[in-house]
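Enquirer: below: sequence and its predicted model.
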Amino acid sequence: MKPTHPILQKCLRQIEALPNLKAEITIAPYVSEKVLADGQLTLYTPQEKIEYICEIKSNINTQTIDQVIQYLTHFKQRLNDNQKPLLVTDNLSNKIVEDLLKKNIEFIDLSGNIYLNTSGLYLLVRRASSRLKDSLKEKDSVKITDKTLMFIFFLLQNPDRSMKFIDSEESLNKQFLNPTTLEIDKLCKLNYLEKRHGTYQIVDYLKLLERWELAYTETLRSQLFIDTFTPINNLTFPDISNLLIQRANNWEYLIGGELGAALATNYLYPITATLHVPENYTRIFVDLKLKPSSTGEITFLKKWTSLDVWKNSDNIKNSNLADPLLIHAELMMSKDERLRETADIIFNKHIKPRIYAYT
């Protein structure tokens with residue numbers, strides 16, 4: 001059976017890519033007298049068949065991990081003896097992975113972290129990249145604050161205007177977010193900025209972009225996350241995708257994620273959307289006839305800055321798209337090949353020209 005939830009689909013592919021393992025979703029959703037869960041995953045090894053009952057939990061962070069562990073502990077007690085709980089999630093940080101391992105919570109995430117531990121199978125796959133390791137070392141010495149991230153975002157949006165014509169810290173402060181000297185010094189210490197002949201310059205745009213996307217995945221997105229929603233009345237995502245586009249201007253939200261990427265590229269058939277919504281978002285999901293759901297296809301994130309919007313200099317027809325930096329960061333969180341291909345199109349067509357404008 002093919003799973004319908006995007007996270008479940010992508011995590012299933014992670015397991016199928018491993019040698020000597022066959023996996024299938026046999027029931028979705030899974031319902032019993034004691035349990036309502038997102039699906040039943042059956043694993044076949046050369047020696048045995050293992051049944052996992054899947055619980056999808058998104059955006060797990062240091063503030064929510066204890067609740068997730070407590071929930072899964074109680075969840076396990078409601079399962080049959082031949083069943084095991086499996087946490088299915090998006091992207092886990094090193095710290096969260098360690099917490100789950102200590103509590104023997106089995107899991108799989110979109111980035112390829114996998115922990116399975118049964119009598120006939122032990123599997124631990126860690127996907128910590130060199131970038132992530134570098135960032136952990138970086139945090140020990142120089143703290144990247146929300147204000148620093150916002151400053152980085154502005155630099156990535158406007159590398160030509162923000163760096164070429166700034167000849168002093170005073171001029172920089174007047175034009176962009178009033179960053180303190182401390183914020184500027186942080187980026188200089190981390191070798192993202194340098195001062196040449198009185199002018200600040202980006203050392204390596206791609207390196208700065210990688211740092212931004214890492215911070216977005218690790219911390220910022222979880223801070224902006226509100227909830228996931230699904231249409232009422234058994235409607236599917238394709239049934240309401242046009243409505244999401246039509247209502248964007250009325251409710252002043254920005255369209256990102258897969259739907260935003262589809263509108264920007266005409267390459268992708270979207271099955272999910274990320275909406276960057278204003279503070280008063282309750283009216284939005286009421287008007288769109290959505291209901292909260294842990295397996296929802298529509299994610300609400302708080303608007304981060306007034307410049308989250310895509311500046312319409314790229315001949316993009318829809319004026320309610322999130323900036324390509326946000327869309328690209330969302331797509332890069334996935335291991336799905338088509339989403340990665342779409343992210344490459346976004347980068348080459350809409351982000352790379354900013355680099356050329358700067359250089």
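Expert: Here it is on my side, so go on. Numbers count the residues shown, from 1 in each chain.

Enquirer: dump the residue contacts of residue 44.
Expert: 21, 22, 23, 50 (CB atoms under 8 Å, 6 or more residues apart in numbering). Heads up, the C-betas are built off the backbone N, CA and C, glycines and all.

Enquirer: take those residues and keep only those in strands.
Expert: When DSSP state E defines the strands, the subset of those inside them is 22, 23, 50.

Enquirer: quick one: least confident of the contacts of residue 44?
Expert: On pLDDT alone, residue 21 ranks lowest of those, at 82.

Enquirer: quick one, phi/psi of that residue?
Expert: phi -130, psi 140 (degrees, to the nearest 10).

Enquirer: and it, how far from residue 215?
Expert: Separation of residue 21 from residue 215 (CB to CB, to the nearest Å): 34 Å.

Enquirer: ok, these two, which is more surrounded?
Expert: residue 215 (19 against 16; other CB atoms under 10 Å).

Enquirer: just checking, residue 249 touches residue 320?
Expert: Yes - with contact defined as CB atoms under 8 Å, residue 249 counts as touching residue 320 (5.7 Å).

Enquirer: got JSON lines for the ones in strands among the contacts of residue 44, with neighbour count and distance to residue 13 too?
Expert: Below are the ones in strands among the contacts of residue 44 laid out as JSON lines (neighbours: other CB atoms under 10 Å; distance: CB to CB, whole Å):
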{"residue": "22", "neighbour count": "13", "distance to residue 13": "13"}
{"residue": "23", "neighbour count": "20", "distance to residue 13": "9"}
{"residue": "50", "neighbour count": "21", "distance to residue 13": "18"}
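
Enquirer: now the terminal residues of stretch 38-56, how far apart.
Expert: One end of stretch 38-56 sits 7 Å from the other (CA to CA, to the nearest Å).

Enquirer: flag every buried residue along stretch 13-31.
Expert: 14, 15, 21, 23, 25, 27, 28, 30 (16 or more other CB atoms under 10 Å).

Enquirer: I should have written stretch 221-232 there, sorry.
Expert: Residues of stretch 221-232 classed as buried by neighbour count (16+ other CB under 10 Å): 221, 222, 224, 225, 227, 228, 229, 230, 231.

Enquirer: and if you look at stretch 61-79?
Expert: Buried residues in stretch 61-79 (16+ other CB under 10 Å): 61, 64, 65, 68, 69, 72, 75, 79.

Enquirer: which stretches of the stretch 1-150 of the chain form helices?
Expert: Secondary structure of the stretch 1-150 of the chain by DSSP state H, counting those that start in this stretch: the helices cover 6-16, 65-77, 94-102, 130-141, 146-157.

Enquirer: now do the buried residues in stretch 93-112.
Expert: In stretch 93-112, counting by 16+ other CB under 10 Å, buried: 93, 96-97, 99-100, 105-112.

Enquirer: closest one of those to residue 151?
Expert: Nearest to residue 151 among these is residue 93, at 22.7 Å by CB to CB.

Enquirer: for burial, what's the neighbour tally of the nearest residue to that closest one once chain neighbours are set aside?
Expert: Ranked by CB to CB, 6 or more residues apart in numbering and with sequence neighbours excluded, the top spatial neighbour of residue 93 is residue 218, at 5.5 Å. The tally of other residues near residue 218 (other CB under 10 Å) stands at 21.

Enquirer: wait, isn't residue 218 in contact with residue 94?
Expert: No - in this structure residue 218 lies outside contact range of residue 94 using CB under 8 Å: 9.4 Å.

Enquirer: figure out how far stretch 14-24 is from the centre of its chain.
Expert: In this view, stretch 14-24 has its centroid 24 Å away from the chain centroid, taken as CA atoms, centre = their mean, to the nearest Å.
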